[in-house]
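Visitor: When you get a sec, could you give me coordinates for this:
(one chain, ligands or ions: 4)
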Amino acid sequence: MVTPLLTDLYQFTMAYAYWKAGKHLDRAVLEPSSSPLNSSLLTVYLRYCAVKLIMKIVCFDLYFRKSPFSGEFTIFGGLEECIRFIANFKITEDDIKFLRSVMPTCEDGFFEYLSSIDCSDVEVYAIPEGYVVFPKVPLMRIEGPVAVVQLLETPFLSLVNYASLVTTNAARHRFIAGKSKNLLEFGLRRAQGPDGGISASRYSYMGGFDATSNVAAGRLFGIPIRGTHSHAFSLDEIIDKELTSSDGSNKCEDFVFLVQSWLSRIKDSSSLCGTFGETSHSELAAFTSYALAFPNSFLALVDTYDVMRSGVPNFCAVALALNDMGYKAVGIRLDSGDLAYQSVETRKFFRAIEKEFGIVGFGKMSITASNDLNEETIDALNKQGHEVDAFGIGTYLVTCYAQAALGCVFKLVEINKQPRIKLSEDVTKVSIPCKKKCYRLYGKEGYPLVDIMTGEDEPSPKVGERLLCRHPFNESKRAYVVPQQVEELLKCYWPGNSGD
Ligand SMILES: Nc1ncnc2c1ncn2[C@@H]1O[C@H](COP(=O)(O)OP(=O)(O)OP(=O)(O)O)[C@@H](O)[C@H]1O
Ligand SMILES: O=P(O)(O)OC[C@H]1O[C@H](OP(=O)(O)OP(=O)(O)O)[C@H](O)[C@@H]1O
Ligand SMILES: O=C(O)c1cccnc1
Ligand SMILES: [Mg+2]
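Guide: Numbering: from 1, shown residues only. Ligands and ions are numbered 1, 2, ... in the order given. Now for the predicted structure:
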C-alpha cells in the first residue's frame, strides 16, 4: 500500500509548479534571438537555471510539537518503513497513467520527469527508531532536490505519526504495568482497519509488549503470538476421551472421568471452603475438550458463568487431571467484573489447592486479565493490590483512545544553505530554522541529561566541557551542563549518492 501515490494531491501539484517554473526558464531559450552567439550562451545559462530550480537543495525537519497523552516523552517509531519507502521509491507507468487523469492540465514533460525520479539524490539523517524523543528536536532530517523531497512529506508523516503514537502508548502501558507483567496486545478487532491493526501489533511490540494475538503480524514481523479462548467456546459432547501422558508412558482412557473425580475431590475438601453448588457442567466440558486439544498449554477463560463458584474450580479440576498425566496447565483469564478482587481470590484458591493436594507450583498458575484495560485501570488495580500476571489490552491501546494523533510535522528549514523559518501567531507553531545537528548529553551516572540542537557548522559539545544549553522559546529556561558522554542523535540512514 505504501507507494508514492499514498500522499496528498498537493505534493504533486507543488512538484508540478516547481517543474513548470523550471520549464518556463528552459522554454525561454527557444525564443529567437538576434545574435546566435548570445543565444547559445543564454541557452546554457537558462538551462542551468531551470535545472537548478528543480534541483534546488532543500532541508526539511520532521518533528512533533508536544509529547502525547499529556506526557513528557515519546518513543520514535516508523523509521525503518520510511527508509524502505525511499529505497523503493519509483512512480510506475500505471501510477503515471492515473496521475495524468487526476492532473489533466499538466504538461507531458512533467510526467516524464516524474517517471524518471528516485531518491538517489536524497539524504536522510534520523534518530534511531525506538529512542525516547522530545518535542521540536528533529526525528528526521531530509535533504535533497525540492520536487523529490516535497513528495516525501505525507508518506513520511503517515509512516511516523501513528507508529510513534502507538509505540509511546504501549511504552506507557508497560511503565504502569511494571517490568514483570506480561503484556499482550489484543486489538486487531478494534483497530483502525486492517492496516491500523498490523501497525498497532508491530509498534506495540516495539513499545514493550510481549506478544500479540494478531497472527498476520506475528508472521510479518516475528512477534510472539499468544491467545486464550472466548466465551463462545463451547463443546458439550466429548467423544474421544483418551489422553496420553506427556512422556508417552501411559494412557488415560477416560480423561473426562479423571476431571470429574478431581472436581468431586475439590468440592469435598473442607479446607478449600468454597461454594461449589453451581459449577457449570457445560463449562467443565468446554474446558476438558480444550485441554484434550492443548494439554501442554491449557489456559481457560473462567468468567462465562461465575468466576469463583464455577470457572475457577472447573479450571482447577482440569488442571489437576492434566497434572496426573504429567502436563502443567498455564492458567486462567478474567474478562469482566472486579479484576483486582477476582485475581486475589483466584490466587488464594490456587494456593489452597497447592497446599491441599501437594501440587508444587500450582499457586503460581498464571492469571491474565482483560476487558477495556488502559493506563488508568491498571493503575487502579495496582493501588488496590491484585494478582494479575498478564494483561490483554485491545481497544485503548491500538486506537490510542487518550490521544488521537501525535501531530508530527515536516517543515522546511533551509533552501540552498539559506535558513528558512515558518512564522506564526501561535508561538508553538514557529519552526526552528537551519540544518541542525542534535546531541544527547549524558551525566556521571550514565543517564541522559538533555538533548541539544546546534547549527550544522557549530562546534560539537565536548566531554568534560561546560556548555550552556538554552530552551529555544523560553529564555528563562537554561542550564549549564558538563557532559560525561556526547551522543550525536541524527545518524545517517540514507546517504543518497554521497554515500556511494
Ligand atoms: N478493580 C478494578 N478497579 C478499577 N477498574 C476495574 C477494576 N476491575 C475492572 N475494572 C475495569 O472496569 C471496567 C468494567 O466495565 P464493565 O462494568 O462494563 O464490565 P463488566 O460488566 O464487568 O464486563 P462486561 O460488560 O464486559 O461483561 C473495565 O474497564 C475494567 O477494566
Ligand atoms: O477489551 P479490550 O481491551 O478491547 O481487549 C480485547 C477484548 O476483546 C475480547 O472481547 P470483546 O471486547 O470483543 O467482547 P466484550 O466486550 O464482551 O468483552 C476480549 O475478551 C477482550 O475483552
Ligand atoms: O486470545 C485472547 O484471549 C483474545 C484475543 C483477542 C481479543 N481478546 C482476547
Ligand atoms: Mg470488550
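Visitor: For this protein, give me the ranges with low pLDDT.
Guide: Within the chain, the ranges that satisfy pLDDT under 70 run 23-39, 42-54, 498-500.
Visitor: Up against ligand 2, what does it have?
Guide: 186, 189-190, 335, 370-373, 392-396 (Cβ under 6 Å from any ligand atom). C-betas here are computed from N, CA, C, even on glycine.
Visitor: please redo it, this time with the cut-off set to 8 Å
Guide: Applying Cβ under 8 Å from any ligand atom, one finds that the chain approaches ligand 2 through 186-187, 189-190, 230-231, 301, 333, 335-336, 370-374, 392-397.
Visitor: The spatially closest residue to Thr395 that is not a sequence neighbour: what's it in contact with?
Guide: Leaving aside its sequence neighbours, Thr395 sits nearest to Arg190 (Cβ to Cβ, 6 or more residues apart in numbering; 4.3 Å). Residues in contact with Arg190, defined by Cβ atoms under 8 Å, 6 or more residues apart in numbering, are Gly394, Thr395, Val398, Thr399.
Visitor: quick one on the thing from earlier: near ligand 1 too, which of the residues of the chain next to ligand 2?
Guide: Among the residues of the chain next to ligand 2, ligand 1 is touched by Asp335, Ser336, Ser370, Asn371, Asp372, Leu373, Asn374 when using Cβ under 8 Å from any ligand atom.
Visitor: The residue nearest to Thr395 and ligand 3: what is the separation?
Guide: 9 Å (Cβ to the nearest ligand atom, to the nearest Å).
Visitor: And that residue, its phi and psi?
Guide: Dihedral angles of Arg190 (phi, psi; degrees, to the nearest 10) stand at phi -110, psi -10.
Visitor: nearest to ligand 3, of the ones next to ligand 1 among the residues of the chain next to ligand 2?
Guide: Closest approach between these and ligand 3, by Cβ to the nearest ligand atom: Ser370, at 5.9 Å.
Visitor: how many neighbours does the closest one have?
Guide: 21 (other Cβ atoms under 10 Å).
Visitor: Skipping its backbone neighbours, what lies nearest it in space?
Guide: Going by Cβ to Cβ, 6+ apart, Ser370 has Gly392 as its nearest residue, at 3.6 Å.
Visitor: give me every residue that touches the one you found.
Guide: Taking Cβ under 8 Å, 6+ apart as the definition, contacts of Gly392 comprise Leu184, Phe186, Ser213, Thr228, Arg333, Thr368, Ala369, Ser370, Leu373.
Visitor: swap in Val344?
Guide: Gly385, His386, Glu387.
Visitor: Tell me how far the residue nearest to Ser370 lies from Arg333.
Guide: According to Cβ to Cβ, to the nearest Å, Gly392 and Arg333 sit 7 Å apart.
Visitor: Quick check: phi and psi on the residue of the stretch 301-450 of the chain found nearest ligand 2?
Guide: Among the residues of the stretch 301-450 of the chain, Gly394 lies closest to ligand 2, at 2.8 Å counting by Cβ to the nearest ligand atom. With angles defined as degrees, to the nearest 10, Gly394 sits at phi -120, psi -90.
Visitor: The one 10 residues further on now?
Guide: The phi and psi values for Ala404, taken as degrees, to the nearest 10, are phi -70, psi -30.
Visitor: And Asp94, by the same measure?
Guide: According to degrees, to the nearest 10, Asp94 has phi -60, psi -40.
Visitor: if I look at it, how far off is Gln418?
Guide: 38 Å.
Visitor: And for His231?
Guide: 64 Å.
Visitor: Those two - which one has more neighbours?
Guide: Ranked by neighbour count (other Cβ under 10 Å), His231 and Gln418 place His231 first, with 13 against 8.
Visitor: Near the residue nearest to that one when sequence neighbours are not counted, how many residues? Count them for me, please.
Guide: Take His231 and drop its neighbours on the chain: the residue closest to it by Cβ to Cβ, 6+ apart is Thr304, 4.8 Å away. Residues contacting Thr304 under the criterion other Cβ under 10 Å number 21.
Visitor: do the longest helix anywhere in the chain and ligand 1 meet at all?
Guide: Assignment by DSSP state H gives helix 153-177 as the longest helix of the chain. No - using Cβ under 8 Å from any ligand atom, helix 153-177 stays clear of ligand 1, coming no nearer than 12.7 Å.
Visitor: Fine, thanks again, bye for now.
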